[in-house]
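Novice: All I have is the shape, not the residue letters:
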């Protein structure tokens, strides 16, 4: 009887342990997929921001550039809202918070870069334009560094 009780206890422990490992793996895979989706969207926005920068340098019409600003700004706002909602769904002490917070910061840096481009369209001084461009590229670079950090983290957990 004692052997049967011991065997049953051991068997139940193994089942509970294996179920928790499977749930954790599924959760990690889902989290990784969410992060990869956000990274893909951020990469697309970076390309659009670069195109907008090129359009400003080519002195395209202000109306066309304003449409680009508004479109990218809306994308960034929507992405930030989605990321914040996802972040709120995670436990506050979850290790998964780190990556999403880095991507939120990357998104904020892209928003800063967009605002710098908007300043260029309103500015006529060459010196001011150079300083604004310096800030623009700094924000784009900071965003890229954070995205790369998250990509490296995802690669190391594969």
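Specialist: Yep, it's here. All figures in this text were calculated on a predicted structure; none of them were measured in a lab.
Novice: so how far is residue 27 from the nearest residue to residue 104 once chain neighbours are set aside?
Specialist: The shortest distance from residue 104 to any non-neighbouring residue, by C-beta to C-beta, 6 or more residues apart in numbering, is to residue 83 (5.0 Å). Every C-beta, even on glycine, is put in place using the N, C-alpha and C of the backbone. Using C-beta to C-beta, to the nearest Å, one gets 18 Å for the distance from residue 83 to residue 27.
Novice: just to revisit the earlier point, report the separation between the residue nearest to residue 104 and residue 65.
Specialist: The gap separating residue 83 from residue 65 is 26 Å, by C-beta to C-beta.
Novice: just residue 117 next, same as before
Specialist: Applying C-beta to C-beta to residue 117 and residue 65 gives a distance of 8 Å.
Novice: overlap in contacts of those two?
Specialist: Any residue near both residue 117 and residue 65 by C-beta atoms under 8 Å, 6 or more residues apart in numbering counts here, and that gives 52, 56.
Novice: Could you find the residue nearest the spatial middle of the protein?
Specialist: With distances taken as C-alpha atoms, centre = their mean, the residue of the chain nearest its centroid is residue 103 (3.0 Å).
Novice: Now the element after the helix or strand of the chain with the lowest mean pLDDT, going C-ward?
Specialist: Lowest on mean pLDDT, DSSP states H and E among the helices and strands of the chain sits helix 2-57, with a mean of 73. Note on helix 2-57: by DSSP states H and E, the next helix or strand toward the C-terminus is helix 62-89.
Novice: buried residues in the next helix-or-strand element following that following helix?
Specialist: As assigned by DSSP H and E, the chain's next helix or strand after helix 62-89 is helix 96-122. Under the neighbour-count criterion of 16 or more other C-beta atoms under 10 Å, helix 96-122 has 96, 99-100, 102-104, 106-114, 116-121 buried.
Novice: Can you give me the neighbour number for residue 150?
Specialist: Residues contacting residue 150 under the criterion other C-beta atoms under 10 Å number 21.
Novice: My guess is it contacts residue 35. True?
Specialist: Yes. Judged on C-beta atoms under 8 Å, residue 150 makes contact with residue 35 at a distance of 6.3 Å.
Novice: so what's in contact with the two at the same time?
Specialist: Contact with both residue 150 and residue 35 is made by residues 99, 103, according to C-beta under 8 Å, 6+ apart.
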